[in-house]
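Novice: Next input, structure requested:
(chains A and B)
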Amino acid sequence: MAALQSELVARRHWLDEEQYALIYGLARITPGTNLLAFAAAAAWKILGWAGAVAAVLAMTAPSAAMVVLLTRGYEAWNANALAMAAIGGTLAAASGMMATSAWQLLAPQIRSGRRARTVVIFLASVMASQAFSLPPVQLLGLAALAGLIWRTPVEP
Amino acid sequence: MNLFVLYLLLLKAVATSFSGLTSLPVVRHDLVEQRGGLTDRQLNAAVAAGRTAPGPNGLYVVSVGYFVAGVPGACIGCLAVMTPAFLIIPMLRYLGARAERPAVKSAIQCVMIAAAGLVITSTVPLAKDALTSPLAVGIALGSFLFLVLTRKDTIWVVLGSAVVGLLGKLL
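Specialist: Sure, this is the predicted structure:
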């Protein structure tokens, strides 16, 4: 999004700083992929709905096609022992990537001083999911409710 | 699986997440545990494919769609990833500065923390399937440390882990 800021605001002046800040803030709370929401909103401001659709398609379609090719490659090489050894390495790395993703969600909360709330909600989430098999959507709803009730004095 | 049902399930997963892999627990719950349309190994491969390709995070859903229903499923997955992005337009029109309200921010922060817990609980069964040797465990730990400590692009992890896996087989 930093690259888009320099392109859209500083270089082309299609958005001003205030519009950029508002879109950036809203993109962070829009469900789904934040970058796509940002692109949709920025393009909508500039060109309306057609721009929003074009921006989201441009950002998604080429990468999605590449994902399909990679997935087909996985299927095609499934019978080759050497290819499967390489793929096995990437599948092992995927576990590391998922753990990284969890860490990246927690780290900003811990660094900004909300340690107690972070630890309590994280552990409660793990326990509710593992021990009580609470479905993810209900669990996230409860977490949102907890956030409304338990507000910390430190805000980013 | 009916494509419309697949779209609704993937849309539910994407629309209840706030970043790339936080939709993973819902995908696993619905497609692996509840409906059996996907295996843990396929979900693992989908994550690897999604993280290898350039572009926005969360595109592993396209690969999930492909595993479940071929190319039409991949298109459905792509549509499910794109759909929630357009929610921002009515939000931009009607919410505006309210997005910065402390209550809204606090609720989202807690959703992100809970999502981290869910990602970890979803990672455990996937790791059981993928981490079947000491080398695989080493690759997973190395990948985690590399990404956390260096913040380099994921593609280096994918390439490096493939090379290490291959060398492990050859040597």
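
Novice: How many residues are close by B:Lys152?
Specialist: B:Lys152 sits with 10 neighbouring residues when counted by other CB atoms under 10 Å in any protein chain shown. C-beta coordinates here come from the backbone N, C-alpha and C atoms, glycine included.

Novice: just how off-centre is the host helix or strand of A:Ala76 within its chain?
Specialist: When elements are assigned from DSSP states H and E, A:Ala76 belongs to helix A:34-76. Taking CA atoms, centre = their mean, to the nearest Å, one finds helix A:34-76 lying 14 Å from the centre of the chain it belongs to.

Novice: Going by proximity to chain B, name the top residue of chain A.
Specialist: Per CB to the nearest CB, the residue of chain A with the smallest distance to chain B is A:Gly89, at 2.2 Å.

Novice: pLDDT below threshold where in chain B?
Specialist: The model of chain B has pLDDT under 70 over residues B:19-20, B:95-100.

Novice: In chain B, where's the longest helix?
Specialist: When chain B is parsed with DSSP state H, its longest helix is helix B:102-130.

Novice: That helix: what's the following helix or strand?
Specialist: Per DSSP H and E, the first helix or strand lying C-terminal to helix B:102-130 is helix B:134-150.

Novice: separation between the residue nearest to the spatial centre of chain B and chain A?
Specialist: Against the mean C-alpha coordinate of chain B, by CA atoms, centre = their mean, the closest residue is B:Leu21 at 3.1 Å. If you measure B:Leu21 against chain A using CB to the nearest CB, to the nearest Å, the figure is 4 Å.

Novice: Which element, helix or strand, includes the nearest residue to that residue once chain neighbours are set aside?
Specialist: Once its chain neighbours are removed from consideration, B:Leu21 has its nearest residue in A:Ser101; the separation is 4.1 Å (CB to CB, 6 or more residues apart in numbering or on different chains). Secondary structure assigned from DSSP H and E places A:Ser101 in helix A:81-111.

Novice: picking up where we left off before, can you verify my assumption that the residue of chain A closest to chain B contacts B:Ser161?
Specialist: Yes: contact between A:Gly89 and B:Ser161 holds when scored by CB atoms under 8 Å: they sit 4.0 Å apart.

Novice: Report the inter-axis angle for the longest helix of chain B versus helix A:81-111.
Specialist: Following axes from the mean of the first three to the mean of the last three CA atoms, to 10 degrees, one obtains 150 degrees for the angle between helix B:102-130 and helix A:81-111.

Novice: okay, now A:Phe132: neighbour count?
Specialist: Burial of A:Phe132, expressed as a neighbour count using other CB under 10 Å, amounts to 8.

Novice: pLDDT score for it?
Specialist: Predicted confidence (pLDDT) at A:Phe132: the value is 85.

Novice: burial of residue 113, as a residue count?
Specialist: Let's take chain A. If you count neighbours by other CB under 10 Å, A:Gly113 ends up with 14.

Novice: look at chain B instead
Specialist: Using other CB under 10 Å, B:Ile113 is surrounded by 27 other residues.
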